[in-house]
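Asks: Provided below for reference: sequence and predicted model.
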Amino acid sequence: MAFESLQPKLLLLAAALLALFTMAAYTVYFERRISAWIQNRIGPNRVGPFGLLQPLADVLKLLFKEDIAPAAADRLLHRLAPMISVTAAVATIGVLPFAHNLILADVNIGILYILAITSLNVYGITLSGWASNSKYALLGGLRSSAQLISYEIAMGLAVLSVVVQSESLMTSQIVEAQAEIWNVLRNPLGFLIFLITAFAETNRLPFDLPEAEQELVAGYHTEYSSMKFGMFYVAEYMNVVLSSAVITTLFFGGYLVPFGHLFMSDLPAWARTGLEVLSFFGKTGFFVFVFIWVRWTIPRFKYNQLMRLGWVYLFPLAVLNLVLVALARMLF
Amino acid sequence: MVPAGGYLLVSALLFSLGVMGVLLRRSAIVMFMCVEMMLNAVNLSLVAFSRLLGDPTGQVLVFFVMCVAAAEVSVGLALVIALFRNRESIDVDQIRLLRG
Amino acid sequence: MDYYRIAFYLFGALTVLAAVVVVWSRNLIHAGMGLLLTLFGVAGLYALAAADFLAVVQILVYVGGIVILLLFGIMLTQRIAGRAPRTGVVNRTVGALIATGLFVLFVMVIFSARFAELPWIAQGRMIDRESAPPVGSTVERLGQLLVGPYLLLFEVAALVLTVALIGAAYLARRSRQEGARPRRMIS
């Protein structure tokens, strides 16, 4: 393979990374603005017009903070854990289709790859909990590994039901299989299960027990400061953006433009690609909003409720859904 | 293309290191890890041969080895935890009695 | 020197070096991290050997499941927030000698066998990189094999996993009398 053939991919990678980091940074901003709006406050509005430069100011502030590691910490793992978190989050963009034929690597195991990379998320949190040598961090880490492993099963089953419907593991083909009707309409239960497990996998609020402030100070990142904390923070918001992108891809037709078959064929190729990219990011943005909305609406679960929901309700429901979808596939 | 010999060499190294680990270490959990490494070494050579032969049957075998490894680890870890609860140690040299 | 070869050497080196960490590190958690990297390297080698499905399953099952369970085991069986989890090394000479001897034996076998020239492989569907099956077909062929000729094995594997799960839950559960003792484990 020559370098020239890699160049377009490298350009796309750079663009995707830029988009991801920008979206993650502005998700932080919108989270603060929307939460303020929900709670009748104003929110950050001082830095730049409408406070739009706030993410930049936050990053600068974090960079200038002192980088502290606890005396009894395992230095190597303490340093490694936030890197693992960010890497596991970023690696997902490799198989997400942004538009028709606009994908970094259209591998034939795409959706399994996403599941596998998601399972790496556990390491960042567990190791940070262990390496900090603090009981709050350790409890947060242990909680989160149990939580992530439990919800991964229901998530995998929900993904499998989509795979059964689209008869492919390739993300691009899963999107194309929704040309007639989105998966959310054909498989609403699977969507619901996936949405709930996505909240759990990203440690977002109804399930943010690993960092429950009232019980654990800040959970696994109690002992982190400066940019190491910043990396956990960025990883969390990147996970929100990426989960939204995966939900869009699996259930909401990915880059497909709604009612696109009526007018898309008349447009030039560049306009089609542009519209598809817009549609992909528009849908993703909507789900980012849903993530924020839920966070400021629903209170935190207790740990036993969390485990009960995962194992007693979601898991059997996901199995049932998979069987139903497979039956429907066989009969019709 | 890398000849199958490359894969087999890595596999041989991995297996020998696994044997060395089981012989050298006395923590039940590290011994588990080394057994996993040996299983992986075998899987790697199976995959290499399957590639050489152009026949995916070898990969099916790897799939089953992975299933057995998962089962083995879950039971083994349960044993280690039960052991630790009774003895407060997972050093296999200290576990000599069937009852104690 | 093509990318394929470079990737092979990188993953091979990663696998072996991380395995050395597993064997030599006295810190249990570091050994666990070494195992994680070893399994990751093996997954990379699978992907290079046209076993992409196995590579992903390797990461899902080993990295996402087994190593996490092992780390859990380490965290639960070491005194929490006490001394670092360390274990010693025994049988240095004998163990090293046996392992080295085994390795030398393997290398001799590999180099004297000349697998590529063996009649059963030469007569089989010998492939080179150009005529290799397109990457897209591995998953399908594997799936067809699993629910075709190997269906019985597939079901037996499911049974084995279920039995192992029940057994593990039974073993790790504390019995009624024990339940009265003060809880040491944090769960």
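Replies: All right, it came through fine. Computed from a predicted structure; not experimentally measured.
Asks: got a list of what residue A:17 touches?
Replies: The contact partners of residue A:17, by CB atoms under 8 Å, 6 or more residues apart in numbering or on different chains, come to A:90, A:93. Glycine gets a C-beta too; all of them are placed from N, C-alpha and C.
Asks: of all residues in the stretch 151-300 of chain A, which one is closest to chain C?
Replies: residue A:169 (6.3 Å; CB to the nearest CB).
Asks: which residue is nearest the middle of chain C?
Replies: residue C:39 (5.2 Å; CA atoms, centre = their mean).
Asks: in what helix or strand does it lie?
Replies: helix C:28-48 (DSSP states H and E).
Asks: show me where pLDDT drops low in chain C?
Replies: For chain C, applying pLDDT under 70 flags the ranges C:1, C:78-91, C:114-137, C:174-187.
Asks: who's in contact with the residue in it positioned nearest to chain A?
Replies: Ranked by CB to the nearest CB, the top residue of chain C for proximity to chain A is residue C:64, at 2.8 Å. Residues near residue C:64 by CB under 8 Å, 6+ apart: A:116, A:119-120, A:122, A:152.
Asks: what bits of the chain have low per-residue confidence?
Replies: If you meant another chain, say so; for now it's chain A. In chain A, residues with pLDDT under 70: A:1-4, A:209-216, A:218.
Asks: sorry, I should have been clearer: chain B.
Replies: For chain B (pLDDT under 70), the answer is B:1-4, B:87-100.
Asks: show me where it has helices.
Replies: B:4-24, B:28-53, B:57-87 (DSSP state H).
Asks: report the angle between the last one and helix B:28-53.
Replies: Counting by axes from the mean of the first three to the mean of the last three CA atoms, to 10 degrees, helix B:57-87 points 180 degrees away from the direction of helix B:28-53.
Asks: distance from helix B:57-87 to the middle of the chain?
Replies: When distances are taken as CA atoms, centre = their mean, to the nearest Å, helix B:57-87 is centred 9 Å away from the chain's centroid.
Asks: what comes up buried for it?
Replies: For helix B:57-87, burial by neighbour count (16 or more other CB atoms under 10 Å in any protein chain shown) applies to B:58-67, B:69-85.
Asks: quick check: angle from that helix to helix C:28-48?
Replies: Going by the same axes, to 10 degrees, helix B:57-87 makes 170 degrees with helix C:28-48.
Asks: what of the second one?
Replies: Using the same axes, to 10 degrees, one finds that helix B:28-53 and helix C:28-48 are set 10 degrees apart in direction.
Asks: is any residue of helix B:28-53 near chain A?
Replies: No. Figure legend: helix B:28-53 not in contact with chain A (CB under 8 Å from any CB of the partner chain); closest approach 14.4 Å.
Asks: helix, strand or coil for residue C:149?
Replies: coil (DSSP: H, G, I helix; E, B strand; the rest coil).
Asks: which bits of chain A sit near chain C?
Replies: A:1, A:74, A:76-77, A:80, A:107-109, A:112-113, A:115-117, A:119-120, A:122-123, A:126-127, A:130, A:133-135, A:138-139, A:142, A:145, A:149, A:152, A:169.
Asks: what do you get if the cut-off is 6 Å, keeping everything else the same?
Replies: A:1, A:108-109, A:112-113, A:116, A:119, A:122, A:135, A:145 (CB under 6 Å from any CB of the partner chain).
Asks: SS state for residue A:108?
Replies: Applying three-state DSSP: residue A:108 is coil.
Asks: give me the neighbour count for it.
Replies: Neighbour count of residue A:108, defined by other CB atoms under 10 Å in any protein chain shown: 21.
Asks: hang on, residue A:280 packs against residue A:257?
Replies: No. When contacts are counted by CB atoms under 6 Å, residue A:280 is not listed as touching residue A:257 (9.4 Å).
Asks: the two: which is more packed in?
Replies: residue A:280 (25 against 19).
Asks: tell me the contacts of that one?
Replies: For residue A:280, the contacting residues are A:98, A:255, by CB atoms under 6 Å, 6 or more residues apart in numbering or on different chains.
Asks: is it within a helix or a strand, and which one?
Replies: helix A:269-295.
Asks: in that helix, what's buried?
Replies: In helix A:269-295, counting by 16+ other CB under 10 Å, buried: A:272-273, A:275-277, A:279-281, A:283-285, A:287-288, A:290-292, A:295.
Asks: just the contacts of residue C:64 now: which is nearest chain C?
Replies: residue A:119 (2.8 Å).
Asks: neighbours of that closest one, how many?
Replies: 23.
Asks: now it, nearest residue through space, not along the chain?
Replies: Distance criterion CB to CB, 6 or more residues apart in numbering or on different chains; nearest residue to residue A:119, sequence neighbours excluded, is residue C:64 at 2.8 Å.
Asks: then residue A:79?
Replies: residue A:228 (7.3 Å).
Asks: does that neighbour really touch residue A:82, like I thought?
Replies: Yes. Assessed by CB under 6 Å, residue A:228 is found in contact with residue A:82 at 4.9 Å.
Asks: run a quick neighbour tally on the residue nearest to residue C:36 when sequence neighbours are not counted.
Replies: In space, and not counting its chain neighbours, residue C:36 is closest to residue C:67: 4.9 Å by CB to CB, 6+ apart. By other CB under 10 Å, the residues close to residue C:67 number 24.
Asks: ok, back up a step: alpha carbons of the helix holding residue C:39, as PDB, please.
Replies: Coordinates of each C-alpha in helix C:28-48 appear next as PDB, following Å, rounded to 0.1, in the frame of the first residue of the first chain:
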ATOM      1  CA  LEU C  28       0.000  -8.100  40.300                       C
ATOM      2  CA  ILE C  29      -1.800  -5.200  38.700                       C
ATOM      3  CA  HIS C  30       1.100  -4.600  36.400                       C
ATOM      4  CA  ALA C  31       1.100  -8.200  35.500                       C
ATOM      5  CA  GLY C  32      -2.600  -7.800  34.600                       C
ATOM      6  CA  MET C  33      -1.800  -4.900  32.400                       C
ATOM      7  CA  GLY C  34       0.900  -6.900  30.700                       C
ATOM      8  CA  LEU C  35      -1.600  -9.700  30.000                       C
ATOM      9  CA  LEU C  36      -3.900  -7.000  28.500                       C
ATOM     10  CA  LEU C  37      -1.200  -5.900  26.100                       C
ATOM     11  CA  THR C  38      -0.300  -9.500  25.200                       C
ATOM     12  CA  LEU C  39      -3.800 -10.300  24.300                       C
ATOM     13  CA  PHE C  40      -4.100  -7.000  22.400                       C
ATOM     14  CA  GLY C  41      -1.000  -7.900  20.400                       C
ATOM     15  CA  VAL C  42      -2.400 -11.400  19.700                       C
ATOM     16  CA  ALA C  43      -5.600  -9.800  18.400                       C
ATOM     17  CA  GLY C  44      -3.500  -7.600  16.100                       C
ATOM     18  CA  LEU C  45      -1.700 -10.700  14.800                       C
ATOM     19  CA  TYR C  46      -5.100 -12.400  14.200                       C
ATOM     20  CA  ALA C  47      -6.200  -9.400  12.200                       C
ATOM     21  CA  LEU C  48      -3.000  -9.600  10.100                       C
END
